[in-house]
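Peer 1: Model the following, please.
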Amino acid sequence: MFPTEPAAVNNGFGALLKNRGFMLLWIGQLVSQLADKVFFVLMIALLKLYLPANEVGDNGRFYLYMAFTVPAILFGSAGGVIVDRVPKKLIMVGSDAVRGVLMLLIPFLPREFLILLIFTFAISTVTQFFAPAEQAAIPLLVKREGLMAANALFSSTMMGALIVGNAVANPMLDWFESLNKGFGKEMVVGGLYLVSALIMMPIHFKEHRQVDPEAGAANPWTEFLQGLRYLKKNRLVWNAMLQIVTLYCVFAALIELAIGMAAKLHLAPEQFSFFVASAGVGMVIGAAILGHFGHKLHHLPLPLIGFLIMALALGLFIFVQNLSLALGLCIFLGVGAALVNVPMQTLIQQQTLPEMHGKVFGFQNHAINIALTAPLLITTKLVNAFGLSIVLLGMSVVVAAVGVWAWQNTRRVLQDVM
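Peer 2: Now for the predicted structure:
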């Protein structure tokens, strides 16, 4: 199922540990991801300083959430256009440095809600340039046969940062605030971004930029369409990206479904995070398995297996009345998600021309941002209209159908590249 060359040497995590450039990128990404997770928690915490007590609730959080998410929808693809024209190291280091400086400036500005929204919007906008540059940098630092392990490691740490970031954000911010009254919280987030930038500074890799010097200034819309045309011609990459976007749609819907599961098991609404965290643990386990044994499993229909595991887990949730069993199913679902995400992300990196990396990963980032937003609203309406069990059953059927359809289409194309 997965077009990579069988390895004569160890292409798992052991080989990556010896790759200095990749390790710097990975550690820098881990610190930056942690900063991203703590950042939004901090913005929510700062609301009480910028708004009257009676306005901190739903309205304040709504506008803050919009300032955080709108840049992902507006500039997700534009970031990829820049990645193809500017050195990736400059983008990654620069975006971390800019975000770090912006965070450190917040305490010295007037405590106006509009200023908080502007800074949130600006930091979220800069973030849209980091993700496609990071994905495009991995194939420049890792050999083709090592990409499965590299993406498994990145997937693991991304979920790990999500779990750890949400768990330690408030205690970490409170501790730094106790050490430095006034701007301790902003210092920790800004400091994390600046540390990430410093870690990635020594990275050296050869760029594969082939931009026509007579092409003039970048036109985001034109180059977005160029990337879209490229994806439509490259059925393998297009199909892989559709599977990844479908996966993120399921995870976005899982947040709303987890709230319903929490109520079903007589838990407080905020305890839905137990289910999301368990799914993240499952993704870490699945990614670890692929990272170590991926070069031996590449011939298997991994995404099909992954989608069927996720469909089975969603269907079984209907009958669950026990918290431990529910958390176990979430871990099982996460393992299935890793079997989709890691191979398909690696496939995209392998099969995309180097000069198209930025546009393709920018488009992917854009699509994922939408996939993480739209299902939340749709799932809420569906659960209210039909009930949790019907929605779980429907999602189980849809996920299984998408998995079978994607496998059949991808399998035919893979015969030409294996």
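Peer 1: Now do stretch 267-286: distance to the chain's middle.
Peer 2: In this view, stretch 267-286 has its centroid 16 Å away from the chain centroid, taken as CA atoms, centre = their mean, to the nearest Å.
Peer 1: Check what contacts that stretch and list those residues.
Peer 2: 155-156, 159-160, 162-163, 166-167, 251, 254-255, 258-259, 261-263, 306, 323, 326-328, 330-339, 341-342 (CB atoms under 8 Å, 6 or more residues apart in numbering). The C-beta positions use only the backbone N, C-alpha and C, and glycine is treated the same way.
Peer 1: Correct me if wrong: residue 152 contacts residue 302.
Peer 2: No: assessed by CB atoms under 8 Å, residue 152 is found out of contact with residue 302, at 11.4 Å.
Peer 1: Find residues that contact each of those two.
Peer 2: Common neighbours of residue 152 and residue 302 (CB under 8 Å, 6+ apart) are residue 290.
Peer 1: For these two, indicate the residue with more neighbours.
Peer 2: Using other CB atoms under 10 Å, the more surrounded residue of residue 152 and residue 302 is residue 152, with 30 against 24.
Peer 1: State the pLDDT value of the residue nearest to residue 244 when sequence neighbours are not counted.
Peer 2: The spatially closest residue to residue 244, leaving aside those adjacent along the chain, is residue 344, at 5.2 Å (CB to CB, 6 or more residues apart in numbering). Model confidence at residue 344, given as pLDDT, is 87.
Peer 1: Also residue 302?
Peer 2: So, for residue 302, pLDDT stands at 83.
Peer 1: And for residue 8?
Peer 2: The predicted local confidence for residue 8 is 38.
Peer 1: what's the residue most central in space within the chain in contact with, if anything?
Peer 2: The centre of the chain sits closest to residue 158, judged by CA atoms, centre = their mean, with a distance of 6.8 Å. Neighbour list for residue 158: 29, 33 [criterion: CB under 8 Å, 6+ apart].
Peer 1: hmm, back to that, and the helix or strand encompassing the residue nearest to residue 244, what does it pack onto?
Peer 2: Element membership of residue 344, judged by DSSP states H and E, is helix 323-351. Secondary-structure packing of helix 323-351 (3 or more CB pairs under 8 Å, 6 or more residues apart in numbering; DSSP states H and E): helix 113-141, helix 147-179, helix 235-264, helix 273-297, helix 302-316, helix 357-371.
Peer 1: buried residues in that helix?
Peer 2: For helix 323-351, burial by neighbour count (16 or more other CB atoms under 10 Å) applies to 323, 326-351.
Peer 1: Could you tell me the angle between it and helix 235-264?
Peer 2: Counting by axes from the mean of the first three to the mean of the last three CA atoms, to 10 degrees, helix 323-351 lies at 160 degrees to helix 235-264.
Peer 1: Tell me the helix or strand right after the lowest-mean-pLDDT helix or strand in the chain.
Peer 2: When each helix and strand of the chain is scored by mean pLDDT, DSSP states H and E, helix 147-179 comes last, with a mean of 73. Beyond helix 147-179 on the C-terminal side, the first helix or strand identified by DSSP H and E is helix 184-200.
Peer 1: Using PDB, write down the CA coordinates of that following helix.
Peer 2: C-alpha atoms of helix 184-200 as PDB (Å, rounded to 0.1, in the frame of the first residue of the first chain):
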ATOM      1  CA  GLY A 184       5.200  36.100  33.700                       C
ATOM      2  CA  LYS A 185       2.600  34.300  31.600                       C
ATOM      3  CA  GLU A 186       3.500  36.100  28.400                       C
ATOM      4  CA  MET A 187       7.200  35.500  29.100                       C
ATOM      5  CA  VAL A 188       6.800  31.800  29.100                       C
ATOM      6  CA  VAL A 189       5.000  31.600  25.800                       C
ATOM      7  CA  GLY A 190       7.200  34.100  24.100                       C
ATOM      8  CA  GLY A 191      10.300  32.400  25.600                       C
ATOM      9  CA  LEU A 192       9.200  29.000  24.100                       C
ATOM     10  CA  TYR A 193       8.900  30.500  20.600                       C
ATOM     11  CA  LEU A 194      12.300  32.200  20.900                       C
ATOM     12  CA  VAL A 195      13.900  28.900  22.200                       C
ATOM     13  CA  SER A 196      12.400  27.100  19.200                       C
ATOM     14  CA  ALA A 197      13.900  29.600  16.900                       C
ATOM     15  CA  LEU A 198      17.400  29.300  18.500                       C
ATOM     16  CA  ILE A 199      17.200  25.500  18.300                       C
ATOM     17  CA  MET A 200      16.600  25.500  14.600                       C
END
